[in-house]
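# predicted model and sequence below, questions to follow.
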Amino acid sequence: MSRRSETVAAPGDTANANRTIHVDPRYNGPPNSANGGYVSGLIAARARRMLETDGDLAVQLHAPPPLGTGLRLTRTGKRAHVWHGEDLIATASPQVSVTAPVDSVPPADAEHAMRRYEGHRSHPFPTCFVCGPGHRDGLRLAPGPVPGPGNQVACLWTPDAACGDGTGAVAEELVWAALDCPGGWTLDPLRSPLVLGRMAARIPVLPRVGETVVVVGRGVPGDGRVHTCTTALFR
């Protein structure tokens, strides 16, 4: 997990209005912590209201987000901070950089790639809500390698009614979740398991419940422990 030094408000800061986030244990990544993309989506939506902005946000995870407990939000300037007791879990801040786009993959190619998904035979977190084949009611995304240059994967995703936000669209935090895990499978999570360190997402249109979308991920190995992954959903 990538880390960086942050100037933050003290846990007992009473100048900020406190908010609470609760992550249901269903939405795990590793067995005892939340899926990074899912919790980042929850934090971004809440932080956007707290910071009174409609702009894109990036979420930096400083520690594994715990499950089944209240997480407290505070605001300092243009940043929102998420606490578990006195432990800083995450920071949300405005995102200004733009990532190079990912090319789409034909649905038939994405479906074929799913058959080559390495997670079917071995998985560092087999009960992950998003990509774990062992999660009984997860999304079960199966991003498999796509032939061609670079580290690319693809899969299909058809969100069911449980993914809805009550308007017919898919809940934003689940879109963040679907954008998270496929990127990790572009590198080598079996040899070197990866967890999310920082994530930003731009979602101009939410997919609809029952609509099949193509998920495409591209990875760029970095120096040391920090790598960059870019993912996209296509109609």
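On my side now, so go ahead. Numbering: from 1, shown residues only.
# could you list the domains of the protein?
11-94, 107-234 (the TED database).
# and the first one, what's its mean pLDDT?
What that stands for is domain 11-94. In this model, domain 11-94 has a mean pLDDT of 89.
# also stretch 184-194?
Rounded mean pLDDT across stretch 184-194 is 76.
# how far off centre is it?
Mean C-alpha position of stretch 184-194 versus that of the full chain (CA atoms, centre = their mean, to the nearest Å) differs by 15 Å.
# ok, stretch 21-39 next?
Going by CA atoms, centre = their mean, where stretch 21-39 is centred and where its chain is centred differ by 10 Å.
# got the end-to-end distance for that stretch?
Stretch 21-39 has an end-to-end distance of 9 Å (criterion: CA to CA, to the nearest Å).
# do stretch 80-94 as well
10 Å.
# residues in contact with the residue nearest to the spatial centre of the chain?
Closest residue to the average C-alpha location of the chain: Gly37 at 1.5 Å, with CA atoms, centre = their mean. Gly37 makes contact with 130, 176-181, 196, 199 under the criterion CB atoms under 8 Å, 6 or more residues apart in numbering. From N, CA and C alone the C-beta is placed, and that goes for glycine too.
# hmm, which of the residues you listed is lowest in pLDDT?
Minimum pLDDT across those falls on Leu196, with 87.
# for the nearest residue to that one once chain neighbours are set aside, give me its contacts.
Taking CB to CB, 6 or more residues apart in numbering, and ignoring the residues beside it in sequence, Leu196 has Gly36 as its nearest neighbour in space, at 2.9 Å. Shown in contact with Gly36 (CB under 8 Å, 6+ apart): 29, 61, 65, 180, 195-196, 199.
# quick one: the strands in the protein?
Secondary structure of the chain (DSSP state E): strands located at 19-22, 57-61, 70-76, 79-84, 87-94, 144-145, 151-157, 198-200, 213-220, 228-234.
# what comes into contact with the fifth one?
Contact partners of strand 87-94, identified using CB under 8 Å, 6+ apart, comprise 6, 8, 39-40, 43-44, 47, 51, 53, 55-63, 65-66, 71, 78-83.
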